[in-house]
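> Predicted model and sequence follow; I will ask about them next.
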Amino acid sequence: MMERTETSGRIWWAAPGDINAFFGLMLDNVAGLLLMVALLAGFGLPASFTVSHMVPGTAIGVFVGDLAFFFIALSLARREQRVDVTAMPLGLDTPSTFGMILLVLGPAFTAARAAGMEVEAAATHTWYIGIWCIVFCAIIKLACAPFSHWVQSVVPRAGLLGSLAAIALVLISFFPLTHILGSPIPGILAMVIVLGTLIGKVPLPGRTPGTLGALIVAGAVYYLMCALGWFGYEFPEAVGVHWFSTQWMESWRGGWIDALPAAIAYLPFVLPFALVTVVGGIDCTESAASVGDVYDARVVIGVEAIATLIAGLSGGVIQTTPYIGHPAYKAMGGRAAYTLATALLVGTAGTFGYFAWLNAWIPAPVVYPILVFIGLEITSQTFQATPRRHYAAVAIACLPALAYLAISLPDRIFGDATMFAAGISIADLASESLRDDMQTLRMLSNGFIITGLLWAWMLAAMVDRQLRVAACVLFLCAGLSFVGVMHSPLQGNRLFIPFLLGQDSPLALPADSLPAVLQYVLGYSLAGLFVGAWSWVLPADFRSPGEGAP
């Protein structure tokens, strides 16, 4: 039940639950910044350059977005005279963090070095390309923002929330779980504390928040293991802090504008990232509404776009996006203070330079259980907020995400430096059926968020006897598959122009990939024609479940 009371004259926007929410949101963002540094270092790009040029602008994007959502939450609370409003969380987009580094920044730096550039020049060239890509993402999101409310009103909750549940289970819960169990002694202890306090509602002594309790207890166990030297646990190495770097401000001089010709080749890679965060922003708004906090999707995506634009103009290379954990943060008891605190800490950590110290000394297995909780809470809330008759639609939305999970480990194996140096790829597998299975997984996993949304929409429409709507969704699937928004056969979910074959263009589709694309297009089109014809032969009194049906 929503709690209504006077919001003036008291600090209603801060509650004990904000501590749990703060640790979850803050540590997720700090880990993303460190991940960016580590992955780029793997390509040979100096960590000092990344920290001084790329990290500050990226952190500024988080600062702007979370600060904006803090004030938007205050406005909503005043308007509705409520003290239980939870602010929308925002942070670095996890899928595009990997995508930008592995498909854009890393290859751009490698190509620049191969062309004879010195390390510093190649790093600057790569930085400029990254800025262009993030600015491009922001422009796309700004263009889409006015239409987001319409999408929210048309697509059923099973579609919007079902794709969220898929992300929650795969990206937010499962991947962190592998890190937790990599250090099972403190990891399992921390996970039990977090789940027991936040889901089981079992209080810790002194009413200590669950995430803080896990950090203290499991963190102490972690460092005890390091001190004893048991099972290979070691203290983290000393981390150098680059204080108050100003190199990132060079982006304000606009030198990156001249890099547009070089950046164009990479724009097809980043377009799907922008579109996915638009869909994700709509999903997040619907998720927040399901627990009583009704935000305007146009405002949410507009804030996301502006934060991304400011990040890009300040030298950032990773886009920001609303996080899908709003129901989980609300279940923790979070209000608005956690986004304010995250904005201040991440913003100062990135611009002042101390974020590396935080990440080095806070053990990941101790804090990652909060992500497992968030994923479980989102999945639970999805089913609670969806009509029972649409449960199967929610479930089908999760299937493409399982393909993403299945392909992720082979991609990491074949992307390993040893395999890469040996020139071994999936195409070299001896078994033709295994190669075909891998390609099927790739096409199902590429664009999995949009695929899950549309599949759930189609099935929910059929359950509601809206067969013509289902047919239109199938035709939309065919159109999106035709250009690679869904089911792209190319690495990194790259978009393409189908019959631009064998040409030297970033939008060209390899000739051997065309048959697979056409099969998806024809499959969806034929299904759409069948369902459309089916709708015409149904009896006139064929009953629709209606809105009140369970």
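Perfect, I can see it now.

> Model confidence score at Lys141, please.
You'll see Lys141 listed with a pLDDT of 94.

> Over to the one 3 residues further on?
pLDDT, Cys144: 89.

> And Trp457, by the same measure?
94.

> residue contacts, it?
Trp457 makes contacts with 155-156, 158-159, 393, 473, as judged by CB atoms under 8 Å, 6 or more residues apart in numbering. Just so you know, the C-beta spots here come from the backbone N, C-alpha and C atoms, and that holds for glycine as well.

> Now do the helices in the stretch 201-350 of the chain.
Using DSSP state H, counting those that start in this stretch, the helices of the stretch 201-350 of the chain run over 210-228, 260-264, 267-289, 297-313, 326-331, 337-352.

> Give me the helices and strands touching the first one, please.
Put plainly, it is helix 210-228. The elements that helix 210-228 packs onto, with contact taken as 3 or more CB pairs under 8 Å, 6 or more residues apart in numbering; DSSP states H and E, are helix 17-42, helix 184-198, helix 364-367, helix 369-384.

> May I ask which helix or strand of the chain has the lowest mean pLDDT?
Least confident helix or strand, the chain: helix 417-422 with a mean of 72, by mean pLDDT, DSSP states H and E.

> Select the longest strand from this protein.
Longest among the strand segments of the chain by residue count, using DSSP state E, is strand 497-501.

> Name the residues of that one that are buried.
Under the neighbour-count criterion of 16 or more other CB atoms under 10 Å, strand 497-501 has Pro498 buried.

> the inter-axis angle of it versus helix 267-289?
170 degrees (axes from the mean of the first three to the mean of the last three CA atoms, to 10 degrees).

> Sheet partners, orientation included, of the next helix or strand after strand 497-501?
As assigned by DSSP states H and E, the chain's next helix or strand after strand 497-501 is strand 508-509. Paired neighbours of strand 508-509 in the sheet (DSSP bridges): strand 497-501 (parallel).

> Nearest to Gly280, out of the helices and strands packed on helix 210-228?
Gly280 lies closest to helix 369-384 among the helices and strands packed on helix 210-228, at 12.1 Å (CB to CB).

> follow-up on the earlier one: which is the succeeding secondary structure element to the least confident helix or strand of the chain?
helix 432-445.

> could you give the angle of whichever helix or strand comes after that following helix to helix 432-445?
The element immediately downstream of helix 432-445 (helix or strand, assigned by DSSP H and E) is helix 448-463. Between helix 448-463 and helix 432-445, the angle comes out at 80 degrees (the same axes, to 10 degrees).

> before we move on, the earlier item: which residues touch the longest strand of the chain?
By CB under 8 Å, 6+ apart, strand 497-501 touches 482-483, 505, 507-511, 514, 517-518.

> Of those, grab the buried ones for ChimeraX.
Typed into ChimeraX, the line below selects the buried ones among the contacts of strand 497-501, using 16+ other CB under 10 Å:
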select :482,483,507,508,509,517
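
> For the contacts of strand 497-501, work out which two are farthest apart.
Farthest apart among those by CB to CB are Ser505 and Leu518. That separation is 19.5 Å.

> related to what we said a few turns ago, pLDDT added to the contacts of strand 497-501, as TSV?
Shown next, in TSV, are those (pLDDT from 0 to 100):
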residue	pLDDT
Phe482	94
Val483	90
Ser505	70
Leu507	75
Ala508	81
Leu509	84
Pro510	84
Ala511	83
Leu514	89
Val517	93
Leu518	95
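
> now the contacts of strand 497-501 in a markdown table, with distance to Ser290?
A markdown table is the format used below for the contacts of strand 497-501 (distance: CB to CB, whole Å):
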| residue | distance to Ser290 |
| --- | --- |
| Phe482 | 33 |
| Val483 | 32 |
| Ser505 | 43 |
| Leu507 | 38 |
| Ala508 | 42 |
| Leu509 | 39 |
| Pro510 | 42 |
| Ala511 | 46 |
| Leu514 | 41 |
| Val517 | 36 |
| Leu518 | 39 |
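
> and which of the contacts of strand 497-501 is nearest Thr339?
For these, the minimum distance to Thr339 (CB to CB) is 36.0 Å, reached by Val483.

> Grab the nearest non-local neighbour of that closest one.
Closest residue to Val483 apart from its sequence neighbours, by CB to CB, 6 or more residues apart in numbering: Leu495 at 5.7 Å.

> Give me the phi and psi angles of that neighbour.
phi -80, psi 160 (degrees, to the nearest 10).

> Just give me how far stretch 523-531 sits from the chain centre.
Centre-to-centre, stretch 523-531 and its host chain are 31 Å apart (CA atoms, centre = their mean, to the nearest Å).
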